[in-house]
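Chemist: Provided below are the primary sequence and the corresponding predicted coordinates.
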There are 2 protein chains.
Amino acid sequence: MENALFGFISNYISLTEDEKNILLSLDIFRYIKKGTILLKEGQKSQDSYFVLKGCIRKYYIKDGEEKTTAFFTELDALTPHCVASKNPSDYFISCVEDSIITVSNPDLEKEVNSKFPKFEIMCRMLSEELLAKHQINFDEFKTSSPEQRYLSLLQNRPDLVQRVPQHQLASYLGIKPQSLSRLRARITEKDKE
Amino acid sequence: MENALFGFISNYISLTEDEKNILLSLDIFRYIKKGTILLKEGQKSQDSYFVLKGCIRKYYIKDGEEKTTAFFTELDALTPHCVASKNPSDYFISCVEDSIITVSNPDLEKEVNSKFPKFEIMCRMLSEELLAKHQINFDEFKTSSPEQRYLSLLQNRPDLVQRVPQHQLASYLGIKPQSLSRLRARITEKDKE
DNA sequence: GGCATTTCTTAACTTAAGTGAACGAGTTCC
DNA sequence: GGAACTCGTTCACTTAAGTTAAGAAATGCC
């Protein structure tokens, strides 16, 4: 599992064996059971997550309903908004499957950054990459219908459609579970023709 | 107009008179006429924009229709995706009103950053702030109906509803102009009760 | 195993957005 | 001044998503 982490990092910077060992000594790996809630609405947390294996989910509760806005799977990083804003969180984060993640916080990051300045470079690259991806996602969401969004999800993240409960997927697509069922039936019907 | 720029910068870092003069000497101010297209789909550009006065708009052309995904008004910054990716742009950027903007590019930024290292700090703060705002916007868009989105726009950016053509606003809300008209009529009807 | 719960699907009905067309009010351009 | 356009609105009709309810299938829990 460490190799997954080091493999990811090596896309951005190179680490010596010594540096790897220091990272390992920080005890950042966590094994999380499906269903575990990592962050609750109203909570102030300093924890950032990085998924090595599994899937975690970000959702709001609005009018008593769960509204899922993001899934994070292998090699996705997630820093909740409340970490920077220092306000209570607006949303929940929970574990969709049994997962292996690393947990970090600003203090730990400062420590690592001072030991390896190249870490900061990686963080900047990551945040730029993330902002760009986000904007593209947002634009695609805005300019598509629910059906188009579902089809593009099938193209781009086919694993999600399999591993995530349909009702969570529905709210991720901005519709109700019943509508997703119907939409899927409609597509299958079209395929038959 | 320079004061608007320096006022904005002073939220992040402080500049000496000398530093201000160097910035002014770079000749970055542009006066853009309403309707001017700053970036076209398919074009490779290195220009980033910062709006001092006026309004610029980002839009896609999908199935022959303009799909507006963002408006940038006073003190908003916009670095098109193509600057970092070095690929042709997927979208257009055009000027909604006569506007005053600053235009920059990576070379110029490198030059400024080497002269004033604190500029880089500002850029990092800005990009983090932007990413956070973006995520919140995205989540709000995803978890709302068109009517809720319109009402929240009235709350948060009431000026936009006034200064931007309705059909551009409609596509920004993810609906057709006719639907926006209807939706507005519906709301006015409700208010009468 | 068996009971309860969750998850997914289907159906009937309601509501809102998409579509195509038409009209009036402004603009722009000769 | 008048023709051509753009823009916003309204209307009638279509299509798709929301709602409510019900039932089947899978899962979890004693």
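Modeler: Ah, there it is.
Chemist: near DNA strand D, which residues of chain A?
Modeler: Residues of chain A lying near DNA strand D by C-beta under 7 Å from any atom of the strand: A:145, A:146, A:147, A:174, A:175, A:176, A:178, A:179, A:182, A:183. (C-beta placed from N, C-alpha, C; glycine too.)
Chemist: quick one: the helix or strand containing the third one to chain centroid distance?
Modeler: So the one you mean is residue A:147. Secondary structure from DSSP states H and E places residue A:147 in helix A:146-156. Centroid displacement of helix A:146-156 relative to its chain, using C-alpha atoms, centre = their mean, to the nearest Å, is 18 Å.
Chemist: and what of stretch A:121-132?
Modeler: Distance, centroid of stretch A:121-132 to centroid of chain: 15 Å (C-alpha atoms, centre = their mean).
Chemist: now do the residue most central in space within chain A against residue A:131, distance only.
Modeler: Closest to where the C-alpha atoms of chain A average out (C-alpha atoms, centre = their mean) is residue A:72, at 2.2 Å. Per C-beta to C-beta, to the nearest Å, residue A:72 is found 16 Å from residue A:131.
Chemist: circling back to that earlier point, in contact with the residue nearest to the centre of chain A, which residues?
Modeler: Each residue near residue A:72 by C-beta atoms under 8 Å, 6 or more residues apart in numbering or on different chains is listed here: A:49, A:51, A:55, A:56, A:57, A:58, A:78.
Chemist: thought the last one was touching residue A:94?
Modeler: No: with contact defined as C-beta atoms under 8 Å, residue A:78 and residue A:94 do not form a contacting pair (12.0 Å).
Chemist: and which of the contacts of residue A:72 is nearest DNA strand C?
Modeler: Nearest to DNA strand C among the contacts of residue A:72 is residue A:57, at 11.4 Å by C-beta to the nearest atom of the strand.
Chemist: please name the residues that touch the closest one.
Modeler: The contact partners of residue A:57, by C-beta under 8 Å, 6+ apart, come to A:68, A:70, A:71, A:72, A:93, A:94, A:95, A:96, A:164, A:168.
Chemist: by neighbours, which of those residues wins?
Modeler: residue A:68 (25 neighbours; other C-beta atoms under 10 Å in any protein chain shown).
Chemist: now that one: how far from residue A:97?
Modeler: Between residue A:68 and residue A:97 the computed distance is 14 Å (C-beta to C-beta).
Chemist: and residue A:118, by the same measure?
Modeler: Noted for residue A:118: a distance of 32 Å to residue A:97, by C-beta to C-beta.
Chemist: of the residues of chain A next to DNA strand D, buried ones?
Modeler: Buried by 16 or more other C-beta atoms under 10 Å in any protein chain shown: A:147, A:174, A:175, A:183, out of those.
Chemist: burial count for the residue nearest to residue A:9 when sequence neighbours are not counted?
Modeler: Closest residue in space to residue A:9, ignoring its immediate chain neighbours: residue A:15 at 6.2 Å, by C-beta to C-beta, 6 or more residues apart in numbering or on different chains. By the measure other C-beta under 10 Å, the count of residues near residue A:15 is 16.
Chemist: same thing with residue A:14?
Modeler: Residues near residue A:14, counting by other C-beta under 10 Å: 9.
Chemist: contacts for the helix or strand where residue A:18 lies next, please.
Modeler: In this assignment (DSSP H and E), residue A:18 forms part of helix A:17-25. Here helix A:17-25 makes contact (C-beta under 8 Å, 6+ apart) with A:2, A:5, A:6, A:15, A:112, A:115, A:116.
Chemist: contact partners for the third one?
Modeler: Applying C-beta under 8 Å, 6+ apart to residue A:6 gives the contacts A:15, A:20.
Chemist: quick one: secondary structure of it?
Modeler: Of the three states, residue A:6 takes helix according to DSSP: H, G, I helix; E, B strand; the rest coil.
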